[in-house]
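Asker: please find the sequence and the predicted model below.
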Amino acid sequence: MGRYNAQVEPDSCRKSLLNSLIGIAVAEGKINLGDTLEKLGIDDNKPSLTPVEKQATVRDLLEARSGVYHPTVYETKGMMEQKPPRGSHAPGTFWYYNNWDFNALGYIYESATATKIFEAFYREIAQPTGMQDFRPTDGRYITSADTRFPAYVFEMSARDFARFALLYLHGGRWNNAQVVPQDWVKASTQPYSDTDSGGYGYLWWTGDSASGAQERIPFPKGSFWAEGHLGQYAVVVPSLDLIIVNRVDEDMTKRTVSKRQMSQMVRMVVAAAPPN
C-alpha cells in the first residue's frame, strides 16, 4: 500500500498530537500555563472576547475549561448544538469539549515558537520516533471568517499513530531519548474533569474521572486515549503495556465507531489478555 493510500485523517485526535508539542515548549520556557489570554494579547473577531473571557489561562484551554464560547471552525453539529451561551461560565469552572480552545492553542503554540505545527511535529515527534509516513505536507489548516484561529488537521497512517500512542505509553521516552517530558505526559493524562467515559486531562481523554464518579461508558482504569470524529482512537492501557488503534476511512465507508463500541472492543481485548 502506498504512503498516501495508508493515510487517514485523525480529526479530533489532532489535539493530543498538539499536546506533545506544547509540552516541549513548556519545558523550554516558551509557553507558561498560567498566562491569560489578555497577557498573550489574544482576541478574536467580533463579537470580540470579553474582559472576563480574556482571563482564561493556557491551562484552562488545555483542560477545555476556558469558558470562551466564541464562534469557531471545524465543529461537528453536536458540538455546535451543545455549546453553552457566551458568558455562561467563568474561565476554569466548566468543562466543555471546545474547538475554540483547541484552535486557539494552535495559534498560541505557533506564536510562542515561531514554528508551524506540522513542521514542528515532524521535527520534534515524527523523526525521533521513526514515523514511516508522516511529512509536514500531511497537515492542513481550515479557516473561517468567524474566527482568527484555524483548525490544524493531520493526516496520519495507523502505524504512525500507533507510534505516537507508544511514545505516551513509555512516558514520552523513545529508545534512550526523552522526546516529550515525562512529567508533562503524566500531567496530561490525569483527569481534571468528569466525562461520560471517565475524565479529561490536557487534550487527552482518561479512563478515570476527576471526582471518582462512575462512568457511563467504561474504559480500563488508568487508561487514556486520543479520540477523533467518526471513530478514530489510540487507546493506551499502561497496566497491560498495551495500545489499541482504530481508524475509520470515510472515503471507504459511511459506518462510524461510537465511543460505546470502542469501549466494548477495548474491554474485550483486555479480557483476552493472559494473566500476569
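Answerer: Cool, got the structure. Owing to the predicted nature of the structure, the values given are computational and were not obtained by experimental measurement.
Asker: and stretch 146-158, C-alpha only, in CSV?
Answerer: Extracted in CSV, the C-alpha atoms of stretch 146-158 (Å, rounded to 0.1, in the frame of the first residue of the first chain):
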residue,chain,number,x,y,z
ASP,A,146,-15.9,33.6,12.2
THR,A,147,-12.6,33.3,13.9
ARG,A,148,-8.9,34.2,13.7
PHE,A,149,-7.8,30.8,14.8
PRO,A,150,-7.7,27.9,12.2
ALA,A,151,-8.1,24.3,12.9
TYR,A,152,-4.9,22.2,12.2
VAL,A,153,-5.8,18.9,10.7
PHE,A,154,-3.4,16.0,10.5
GLU,A,155,-3.4,13.0,8.1
MET,A,156,-1.5,10.1,9.6
SER,A,157,-1.2,6.4,8.9
ALA,A,158,-2.3,3.8,11.5
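Asker: where does it sit relative to the chain's centre, distance-wise?
Answerer: Offset of stretch 146-158 from its chain centre (Cα atoms, centre = their mean, to the nearest Å): 11 Å.
Asker: buried stuff in that stretch?
Answerer: Thr147, Arg148, Phe149, Pro150, Ala151, Tyr152, Val153, Phe154, Glu155, Met156, Ser157, Ala158 (16 or more other Cβ atoms under 10 Å). Backbone N, C-alpha and C define where each C-beta goes, glycine included.
Asker: check stretch 22-33 too.
Answerer: Those would be Ile22, Gly23, Ile24, Ala25, Val26, Ile31, for stretch 22-33 by 16+ other Cβ under 10 Å.
Asker: ok, stretch 90-105 next?
Answerer: When neighbours are counted by 16+ other Cβ under 10 Å, the buried residues of stretch 90-105 are found to be 91-92, 94-105.
Asker: again, but for stretch 72-88
Answerer: Within stretch 72-88, the residues that qualify as buried by neighbour count (16+ other Cβ under 10 Å) are Thr72, Val73, Tyr74, Glu75, Met79, Lys83.
Asker: of those residues, closest to Gly231?
Answerer: When the buried residues of stretch 72-88 are compared for distance to Gly231 (Cβ to Cβ), Met79 comes out closest, at 16.1 Å.
Asker: give me the element that closest one is part of.
Answerer: Using DSSP states H and E, Met79 falls within helix 77-82.
Asker: give me the contacts around that helix.
Answerer: Contacts with helix 77-82, where a contact means Cβ atoms under 8 Å, 6 or more residues apart in numbering, come from Tyr96, Tyr97, Asn98, Asn99.
Asker: these two touch, right, Gln55 and Asp35?
Answerer: No: Gln55 lies out of contact with Asp35 (Cβ atoms under 8 Å); the separation is 11.0 Å.
Asker: ok, those two, which is more surrounded?
Answerer: Ranked by neighbour count (other Cβ atoms under 10 Å), Gln55 and Asp35 place Gln55 first, with 19 against 15.
Asker: OK, contacts around that one?
Answerer: Thr36, Leu37, Glu38, Ala90, Pro91 are the contacts of Gln55 under Cβ under 8 Å, 6+ apart.
Asker: having no further points to raise, I will conclude here.
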